[in-house]
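# The following block contains a protein sequence and its predicted model.
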Amino acid sequence: MKRAQEEPLCHHCANVVSTIFTKLTPDEVEYINDRKRCSRYEKGLIMYEEGGRTNGFYCICSGIVKVYKTGVEGKEQIIRFAKKGDIIGYRSIISGEPACTSAKILEEAVICFIYTPDLYNLLKKNAEFGIELLQLACTELGEANNYITDIAQKSVRERLAEVLVSLKQNFGLDDDNILQIYLTREELANLIGTATESVIRLLSEFKQDKLIELQGRKIRIVDEKKLTRIANMM
């Protein structure tokens, strides 16, 4: 972890990225800007671990962070991938509990750390900001509920198709229709809750069916509409 050479300005993020900080007044944005701590993280670095305690939360300025839980025999269950504008680690400090997840840098990132007392000060002063944070927590809870339903009711084939479509929606495609997030087969398996071998087989089937093309970790989306139908997302 390195100190960022040029710390990102909070008012820039608030104006460019849709975040909870858009609800802050200019003075409150400046307050956070003066008190935050920003650092550059290299790929593969663990930001924090499940069961540990932190004295603040994180805001992603650039890069991608993998948020996950560790299950039986150390197997990862990926909860989400956080990108620019997302915040992570806030629920644990609000509840006063140890971190319920771990976070690992997937792509080199610049991340700002905001201390717990500063978050509490903003929550006390700005009701709209508090409501926005509450809505964010409810959205994440809803996504968790949907995931549980998918695990119980959808086949692995359906879940993989849904993940590919969701990754496209969240991270976009480049000019060649390649997903702008590169995951290992194991990470895809952990994301949908199945064995790595099953993901390898299904990706091969999707390729044969001309739904996707594969270039190592790179996945080109060829037929998004059919993937959406397979995932029962329509």
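It's in.
# Kindly list the longest helix within the protein.
Across the chain, the longest stretch assigned as helix under DSSP state H is helix 127-153.
# following it, which helix or strand comes up?
Heading C-terminal from helix 127-153, the first helix or strand you meet, by DSSP states H and E, is helix 156-171.
# Which neighbouring elements make contact with the helix or strand that comes right after that following helix?
Following helix 156-171 in sequence order, the next helix or strand is helix 185-192 (DSSP H and E). Secondary-structure packing of helix 185-192 (3 or more CB pairs under 8 Å, 6 or more residues apart in numbering; DSSP states H and E): strand 76-82, helix 156-171, helix 196-208. Just so you know, the C-beta spots here come from the backbone N, C-alpha and C atoms, and that holds for glycine as well.
# List the buried residues in the longest one.
Looking back up the chat, that one is helix 156-171. 156-165, 167-168 (16 or more other CB atoms under 10 Å).
# Sort out which one of these lies nearest residue 56 for me.
residue 167 (28.7 Å; CB to CB).
# show me what contacts that closest one?
81, 179, 181, 183 (CB atoms under 8 Å, 6 or more residues apart in numbering).
# The same query, at a cut-off of 7 Å, please.
179, 181 (CB atoms under 7 Å, 6 or more residues apart in numbering).
# Please apply the same query to residue 83.
Listed by CB under 7 Å, 6+ apart, the contact set of residue 83 reads 60, 64, 170-171.
# Distance check, it against residue 182.
Distance of residue 83 to residue 182, computed by CB to CB, to the nearest Å: 13 Å.
# ok now the longest helix of the chain, how far from the chain's centre?
Offset of helix 127-153 from its chain centre (CA atoms, centre = their mean, to the nearest Å): 13 Å.
# Make sure residue 50 is indeed in a strand.
No: counting by DSSP: H, G, I helix; E, B strand; the rest coil, residue 50 is not part of a strand but coil.
# pLDDT value on it, please?
Listed pLDDT for residue 50 reads 94.
# That one and residue 213, how far apart?
36 Å.
# residues touching the residue with the largest distance to the centre of the chain, list them.
In the chain, counting by CA atoms, centre = their mean, residue 208 sits farthest out from the average C-alpha position, at 29.8 Å. If you count contacts by CB under 7 Å, 6+ apart, residue 208 has none.
# for residue 161, same thing?
Counting by CB under 7 Å, 6+ apart, residue 161 touches 227, 230-231.
# of all these, which comes closest to residue 149?
residue 231 (13.0 Å).
# buried stuff in the longest helix of the chain?
Neighbour counts using 16+ other CB under 10 Å place 129, 132-133, 136, 147, 150 of helix 127-153 among the buried residues.
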